[in-house]
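>>> build me a model:
(chains A and B)
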Amino acid sequence: MSFGTEILIKVGVVLAFALNGAVIFTLMDVKGSAWMQRRPGPLHVGLRGFIFPLAEVIKFIQKEDIIPTKVDKTVFKLAPAFILFSVFGLFVVVPISPTLVVADLNLGVFYLLAISTISTLGVLTAGWSSANKYSLMGGLRAAGQLIAYELPLILAVVGVVIQAETMSLVGIVEKQIEWGLPFVIAGQGVAFVIFMIAATAEMMRIPFDMPIGESELVSGFMTEYSGIRFLIFYIAEYINMFVMCAIAATLFLGGYHIPLLPVEWVNFYGPVSLLTKTLLLGFILVLVRWSFPRFREDQLQNIAWKILIPLSLLNILITSVMKVVF
Amino acid sequence: MEAIDIFSYFLLLGLLLAGARVVTTSNVIHAAVALVFTLTITAVIFLLLAAEFVGLVIVMVYIGAVIVLFLFGIMITRAPLGENAELDNDKNKTIALLISFSIFGIFSYILLNTFDRQINITEGTSTEILGQILLSRFVYPFEIVSFVLLAALIGGITIARKDNALVDEDQV
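Numbers count the residues shown, from 1 in each chain, chains lettered A, B, ... in the order given. Coordinates of the predicted model:
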C-alpha cells in the first residue's frame, strides 16, 4: 500500500469515527436529558427521538451562514478551524486495538496534551472576533477555565505515565494487561477522578459551563455564529467528549483489554471493549450534566487551583515513591 | 529532489510569509494568529528533523500557553477590533531593518559554520535519553531554572495580590 493511500484511509477512518461518535454522544445527551426532565422532543418525536441528531444537522446546514458586519472576518472564520483541528488531532493516537491505531507515537500522551491546548486558541479568537460583549466575556471566561483545568488534566496523566513507564498509549494499555488490573484500581483512582473532572471542565459542560452559560451570556463565544459554523462548534463539543472519554478509558480503564479474557483475542473484542468503556464514561458525563447546577466563577477557579492541582501533585509524589519502593 | 524536500521548501516559504505577517500587520490579534502559524510551521520542521519532543514542546508551551496568555492579556485589557494606529510606526524602520538583518546574518553565519553546511538527520534522540541527561548531567542547571521559575511565580502572585494583611505587616 502506498503512503498516499494509507494516509487517505487513515483520514477517512478518523473522520468516520469522530463524526459517528459525535452523533452517538449527541443522541445520548439529548435522550438522557429527555428521560431525566421529560422533554417530549427527543423522547417521543420521530422514531422515539432517534432521528433527533439527523434533524439537528439538517436544520443547521440549511440555515443561512450569517457573518455580522463588524466582526473581524478572517479570524471569525478561522476560529472554528482551530477547534476542529484540535479535536480531530486527538484521535490520531487513541488505540482501538493493538494494531488498529492511526499512529502509535512514542510520545502519545504528550502529543494528546499538546494538541488539546490548541482548542483554547479557537475559543479565545472566536470570542474576540465576534465584536460582541457576550462573546468576549464568554471567550475570556472560557480561556480562564481552560488554562486552569489544563494543569490538573496534565498532572493527573503524569501519574499514569510514571506508573506505566511509557508515554505511548499502546504501551500504557500493555502495561495494564501486564499488571492484570486497569490503572483505576491499581493505584491511579484519584488521578482518574481528577482527570474526569478536569476533562468535563475542558469540554465546558455543566457544571462547568460558565463560559457558555446561556442564562447570562446567550451562548458565550458562540453567540454570533450561525448555520454551519455553529454546527462545527456543536459537533466539536461532542467529538471532544467522545475522544476525552476514549482517552480516559485507555489511560485508566484498560483501553481495549478486558481483564480475564485471553490477550490473543484482543483484536476481536478490542474495539467493542473500548467503545463500551467510552460510552459508559459518556453516560456518567450525561448524568452529571443533567443533575448538577452550574458552578460560580470563583468556585470553579477554587476547585482547580486549591483542590485539584494540589491533589494531583500529591498523586504524582505518592506514585513516584511507590515506583521507587516497589 | 525528493518529496520531503519540496514539502520543506513550501513549509519554509509559509514560515517566511507568516513571520512577515506578524511584524507588518497593525492588528494585534492578527499578529498573534500569524505567530501561531509561524510556530506551527516551526514545530512541523522540528518533526521533519526527527526532533519529536521539541516540536511538541513548541506546540504545548508556545501555542498552548504563551500565545493563549498573550491573547488573554490583550483581550482582558483592551481589545480593539480592526487596525491599531499606534502600531503603524514608520519612524524607526531603517534601524529595525538593520538590526533584524544583522541578527539574521549572524545566526546564518554561525549555523552554516557549525554544521559545515550540511545537516545530518539521525534517528533522533529518544525522550528517555533526554530525561536521563536532564536529571544526571544537567541536573544543576535544571534545578536552578526551576528554582528561578518558582521565585518568579511567587513574585508574580505577591505583586498581583494587593493583600492588605501583607501591607500591614510591612508597616509594622
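
>>> is chain B contacted by the helix or strand that contains residue A:160?
Secondary structure assignment for residue A:160, by DSSP states H and E: helix A:133-164. Yes: contact between helix A:133-164 and chain B is present through A:136, A:139, A:140, A:143, A:144, A:146, A:147, A:150 (criterion: Cβ under 8 Å from any Cβ of the partner chain). Bear in mind the C-beta positions are built from the backbone N, C-alpha and C, glycine included.

>>> the last one against residue A:114, yeah?
No: with the criterion set as Cβ atoms under 8 Å, residue A:150 and residue A:114 do not qualify as a contacting pair; they are 10.8 Å apart.

>>> tell me, what's touching the two both at once?
Counting by Cβ atoms under 8 Å, 6 or more residues apart in numbering or on different chains, the contacts common to residue A:150 and residue A:114 are residue B:64.

>>> dump stretch B:3-11 to PDB, restricted to CA.
Written as PDB, here are the backbone C-alpha positions of stretch B:3-11 (Å, rounded to 0.1, in the frame of the first residue of the first chain):
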ATOM      1  CA  ALA B   3       9.100  14.800  -2.000                       C
ATOM      2  CA  ILE B   4      10.200  15.700   1.500                       C
ATOM      3  CA  ASP B   5      12.500  18.400   0.100                       C
ATOM      4  CA  ILE B   6       9.700  20.000  -1.900                       C
ATOM      5  CA  PHE B   7       7.500  19.900   1.200                       C
ATOM      6  CA  SER B   8      10.200  21.500   3.300                       C
ATOM      7  CA  TYR B   9      10.600  24.400   0.800                       C
ATOM      8  CA  PHE B  10       6.900  25.000   0.900                       C
ATOM      9  CA  LEU B  11       7.000  25.000   4.700                       C
END
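
>>> and for it, what's in contact with it?
Here stretch B:3-11 makes contact (Cβ under 8 Å, 6+ apart) with B:41, B:44, B:45, B:48.

>>> swap in stretch A:120-127?
If you take Cβ under 8 Å, 6+ apart as the criterion, stretch A:120-127 is touched by A:75-76, A:78-83, A:86, A:135-140, A:142-143, A:146-147, A:150, A:211, A:220-222, A:225, A:233, B:29, B:33, B:36, B:63-64, B:67-68, B:71-72, B:75.

>>> repeat for stretch B:101-119
The contact list for stretch B:101-119, computed with Cβ under 8 Å, 6+ apart, reads residue B:49.

>>> so where does residue A:56 fall, helix or strand?
If you go by DSSP H and E, residue A:56 is part of helix A:52-62.

>>> in that helix, what counts as buried?
By neighbour count with 16 or more other Cβ atoms under 10 Å in any protein chain shown, helix A:52-62 contains the buried residues A:52, A:53, A:56, A:57, A:60.

>>> was I right about the third one contacting residue A:23?
If I follow you right, that is residue A:56. No: using Cβ under 8 Å as the test, residue A:56 is too far from residue A:23 to be in contact (9.4 Å).

>>> residue nearest the middle of chain B, spatially speaking?
Central residue of chain B (Cα atoms, centre = their mean): residue B:62, 5.6 Å from the mean position.

>>> for residue A:301, see how far away that one is.
24 Å (Cβ to Cβ, to the nearest Å).

>>> also residue A:308?
11 Å.

>>> ok, these two, which is more surrounded?
For the pair residue A:308 and residue A:301, the greater number of neighbours falls to residue A:308 (24 against 16), based on other Cβ atoms under 10 Å in any protein chain shown.

>>> next one: the helix or strand in which residue B:111 is found to chain centre, how far?
Under DSSP H and E, the secondary-structure element containing residue B:111 is helix B:93-114. Averaged C-alpha coordinates place helix B:93-114 at 18 Å from its chain's average position (Cα atoms, centre = their mean, to the nearest Å).

>>> which is the next helix or strand following it?
Counting by DSSP H and E, the element after helix B:93-114 in chain order, helix or strand, is helix B:127-136.

>>> need the residues that contact that next one.
Here helix B:127-136 makes contact (Cβ under 8 Å, 6+ apart) with A:106, A:107, A:110, A:167, B:52, B:53, B:142.

>>> now a PyMOL select for only the buried ones of those residues.
Written as a PyMOL command, the selection of buried residues from the contacts of helix B:127-136, which uses 16+ other Cβ under 10 Å, is:
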select buried, (chain A and resi 106+107+110+167) or (chain B and resi 52+53)
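
>>> just the pLDDT for the single nearest residue of chain B relative to chain A.
Scanning chain B for proximity to chain A using Cβ to the nearest Cβ identifies residue B:64 as nearest, at 2.6 Å. Residue B:64 is assigned a pLDDT of 80 by the prediction.

>>> and for it, nearest residue in space, chain neighbours not counted?
In space, and not counting its chain neighbours, residue B:64 is closest to residue A:117: 2.6 Å by Cβ to Cβ, 6 or more residues apart in numbering or on different chains.

>>> count of residues packed around that neighbour?
Using other Cβ under 10 Å, the number of residues around residue A:117 comes to 23.

>>> repeat for residue A:169
The criterion is other Cβ under 10 Å. On that basis, residue A:169 has 24 neighbouring residues.

>>> quick check: chain neighbours aside, which residue is closest to it?
residue A:108 (4.3 Å).

>>> and residue 22, how many residues sit next to it?
Just so you know, I chose chain A. 23.

>>> chain B is the one I meant
Taking other Cβ under 10 Å as the definition, residue B:22 ends up with a neighbour count of 16.

>>> touching, it and residue B:34? I think so.
Yes: using Cβ under 8 Å, residue B:22 is in contact with residue B:34, at 4.5 Å.

>>> so how far is residue A:176 from residue A:81?
Note on residue A:81: its distance to residue A:176, by Cβ to Cβ, is 36 Å.

>>> now for residue A:138: which residues touch it?
In this structure, residue A:138 makes contact with A:127, A:211, A:212, A:217, A:219, A:220, A:221, A:222, A:223, judged by Cβ under 8 Å, 6+ apart.

>>> quick check, pLDDT for residue 46.
Picked chain A for this. Here, the pLDDT recorded for residue A:46 equals 74.

>>> nope, chain B
Confidence score, pLDDT, at residue B:46: 85.

>>> quick check: it touching residue B:40?
No: with contacts defined as Cβ under 8 Å, residue B:46 does not count as touching residue B:40, sitting 10.8 Å away.

>>> who wins for most neighbours among the contacts of residue A:138?
Neighbours were tallied for each of the contacts of residue A:138 (criterion: other Cβ under 10 Å), and the maximum of 32 neighbours falls on residue A:221.

>>> model confidence for that residue, exactly?
The pLDDT attached to residue A:221 in the predicted structure is 81.

>>> against chain B, how distant is it?
Applying Cβ to the nearest Cβ, to the nearest Å, one obtains 11 Å for the distance of residue A:221 from chain B.

>>> distance of the closest residue to that residue other than its chain neighbours from residue B:142?
The shortest distance from residue A:221 to any residue other than its chain neighbours is 3.8 Å, reached at residue A:127 (Cβ to Cβ, 6+ apart). Counting by Cβ to Cβ, the separation of residue A:127 from residue B:142 is 37 Å.

>>> one more: residue B:155?
When distance is defined by Cβ to Cβ, residue B:155 is 20 Å away from residue B:142.

>>> can you select the buried ones among the contacts of stretch B:3-11 for me in ChimeraX?
Only the buried members of those end up in this ChimeraX selection, burial being decided by 16+ other Cβ under 10 Å:
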select /B:41,44,45
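
>>> point out where chain A drops to low pLDDT.
A:1 (pLDDT under 70).

>>> up against chain B, what does it have?
Counting by Cβ under 8 Å from any Cβ, the residues of chain A lying close to chain B are A:70-72, A:74-75, A:78, A:105-107, A:110-111, A:113-115, A:117-118, A:120-121, A:124-125, A:127-129, A:131, A:136, A:139-140, A:143-144, A:146-147, A:150, A:167.
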